[in-house]
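**Student:** The sequence and its predicted three-dimensional model are supplied below.
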Amino acid sequence: MSSPRHLANRRSLLAGLGAAAVGISFSACSKPAEKATTDGAEEPKLNFYNWDTYIGETTLADFKTATGIDVNMQLFATNDELFAKLKAGNSGFDVIVPSNEFVTRMGQAGLLKALDHAKIPNMKNIDPQYLNPSFDPGNKFSVPYTWLVLGLGYRKSKFKTVPDSWKYVFDSAEYKGKIALLSESADLIRLAAKYKGVSLNNISPDMLTQIEAMLVKQKPNIRAFHEDNGQDMLQGGDVDIVIEYNGDIAQVMAEDDDIGFVVPKEGSLLNSDTLCIPVDAPRPNNAHAFINYILDAQVGAEIYKTILYPSPNAAAKALMPDDYKNNPVIFPPADILAKCEYGAFEGAEKASQFEEIITRVRAS
């Protein structure tokens, strides 16, 4: 991307502070000329639970200027972590950013508040193909924020050819000590299933046994199971190859031309990250106002220029430069995407089984 960004510095700052735990408040220096009407009973605050490097550099301060609402953002590293926080109750968060299957899971568990679409008129900006998804019919609980695909980020100078197979990270000792996998249990198992040549949904018990054995065998070659910071490990030289999302690798590719990204030939996992309101959110009106603000075309364009993830917001995408719209890392070719699938929530028992498998693998 040609637009100036400072993501590396921001990531380093957050890491130094212990980003997953720290609360970061973004306020404008000047008082807003006009404050949005939310509800007299709600204080002008909002608690936002988000992924790292997943908001525009001035979005939260700009929202404060526009509405008078002060945003406190805290970071989580996996959907498992987000789910555990919400399930424990009284999280205090007003807006959260779960991935598609966790919208289903949290909705079924009664953890999400039904959205009032009348308070989110900017939903009109969303490309219709991303509305009414199978994981949340009618967008009862969620609005789309990004869509994304997992692949391999790698340091080009360390590879003779493009590492176009999951074999490099799941079934090879060639890069021993220089491999990082992601921590998300279900995603890791599903990608391994893709490598094994089967669908990433409805994985059979026999295949799960094979996957666990393969990952246990591979464990001595793994440097880390990263906590949503795989791009940092790659950029910093800790690893030469990492499973990571396309947007995260696009961010560091813009800063380091020795970094590449590939969706392996076996296919991959698609995700959609969404904006939701917890059922016990203390400030639901502020939450609706914030979601509507993010869906504004110009606001969205500034966010996607920064985070470099694919936008489901058609009005925002229309404002983006060609080097975003035509970037094959951000928007992989159709023939590649045709081999990719969304993961479906298959029940709490299956989710727990995935978590138990990866716990055993990491302990091996």
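**Tutor:** Done, it's in.

**Student:** contacting residues for the residue sitting nearest the centre point of the chain?
**Tutor:** Centroid-nearest residue in the chain, with CA atoms, centre = their mean: residue 273, separated by 5.7 Å. For residue 273, the contact set (CB atoms under 8 Å, 6 or more residues apart in numbering) comprises 51, 54, 97, 98, 99, 100, 144, 145, 146, 147, 148, 309. All C-beta spots, glycine's among them, are computed from the backbone N, C-alpha and C.

**Student:** thinking the first one is in contact with residue 99, fair?
**Tutor:** When you say that, I think you mean residue 51. No: in this structure residue 51 lies outside contact range of residue 99 using CB atoms under 8 Å: 9.4 Å.

**Student:** what about these two, which has more around it?
**Tutor:** Applying other CB atoms under 10 Å to residue 51 and residue 99 shows that residue 99 carries more neighbours, namely 26 against 23.

**Student:** Would you mind giving the secondary structure of residue 72?
**Tutor:** Secondary structure, DSSP: H, G, I helix; E, B strand; the rest coil: residue 72 is strand.

**Student:** In this structure it contacts residue 44, no?
**Tutor:** No: using CB under 8 Å, residue 72 is not in contact with residue 44, being 11.7 Å away.

**Student:** show me where the stretch 201-350 of the chain has helices.
**Tutor:** 205-218, 230-235, 246-253, 284-294, 297-307, 314-317, 322-325, 334-337, 348-363 (DSSP state H, counting those that start in this stretch).

**Student:** The fourth one vs helix 297-307, what angle?
**Tutor:** So that's helix 284-294. Inter-element angle recorded for helix 284-294 and helix 297-307: 80 degrees (by axes from the mean of the first three to the mean of the last three CA atoms, to 10 degrees).

**Student:** Contact partners for residue 158?
**Tutor:** 175, 178, 240, 241.

**Student:** Residue 53 and residue 309, how far apart?
**Tutor:** 10 Å (CB to CB, to the nearest Å).

**Student:** whoops, residue 364 was the one
**Tutor:** 33 Å.

**Student:** ranges for the strands of this structure?
**Tutor:** For the chain, strands defined by DSSP state E occupy the ranges 23-26, 45-50, 70-75, 95-96, 142-155, 179-182, 222-226, 241-245, 259-262, 269-276, 341-342.

**Student:** Which one of those strands lies nearest to residue 300?
**Tutor:** Set against residue 300 and scored by CB to CB, the strands of the chain come closest in strand 142-155, at 9.2 Å.

**Student:** Can you work out which other helices and strands pack against the closest one?
**Tutor:** The contact analysis (3 or more CB pairs under 8 Å, 6 or more residues apart in numbering; DSSP states H and E) places strand 142-155 against helix 230-235, strand 241-245, helix 246-253, strand 259-262, strand 269-276.

**Student:** Least confident of these, on average?
**Tutor:** For the helices and strands packed on strand 142-155, mean pLDDT drops lowest on helix 246-253, to a mean of 90.

**Student:** Give me the angle between that helix and helix 297-307.
**Tutor:** Computed by the same axes, to 10 degrees, the angle between helix 246-253 and helix 297-307 is 60 degrees.

**Student:** Touching helix 246-253 from outside, list them.
**Tutor:** Residues outside helix 246-253 that contact it (CB under 8 Å, 6+ apart): 1, 5, 7-8, 53, 146, 148-151, 153, 228, 230-232, 234-235, 259-261, 263, 307-310, 327, 329-330, 332.

**Student:** make it 6 Å
**Tutor:** 7, 148-149, 153, 231, 235, 259, 261, 307-309, 329-330 (CB atoms under 6 Å, 6 or more residues apart in numbering).

**Student:** Once you drop chain neighbours, what's closest to residue 57?
**Tutor:** Setting aside the residues directly before and after it, residue 57 is nearest to residue 306 in space (CB to CB, 6 or more residues apart in numbering), at 5.6 Å.

**Student:** Okay, that neighbour and residue 103: tell me how far apart.
**Tutor:** In this view, residue 306 and residue 103 are 24 Å apart by CB to CB.

**Student:** Of the two, give the one with the bigger neighbour count.
**Tutor:** Neighbours of residue 306 and residue 103, each counted by other CB under 10 Å, are more numerous for residue 103; the result is 26 against 23.

**Student:** Please verify my assumption that that one contacts residue 142.
**Tutor:** Yes: counting by CB atoms under 6 Å, residue 103 touches residue 142, with 4.7 Å between them.

**Student:** Common neighbours of those two, please.
**Tutor:** With CB under 6 Å, 6+ apart, residue 103 and residue 142 have common neighbours 136, 274.

**Student:** pLDDT wise, what is the residue nearest to residue 125 when sequence neighbours are not counted at?
**Tutor:** Computed as CB to CB, 6+ apart, the closest residue to residue 125 that is not its neighbour in sequence is residue 315, at 3.8 Å. Predicted confidence (pLDDT) for residue 315: 97.
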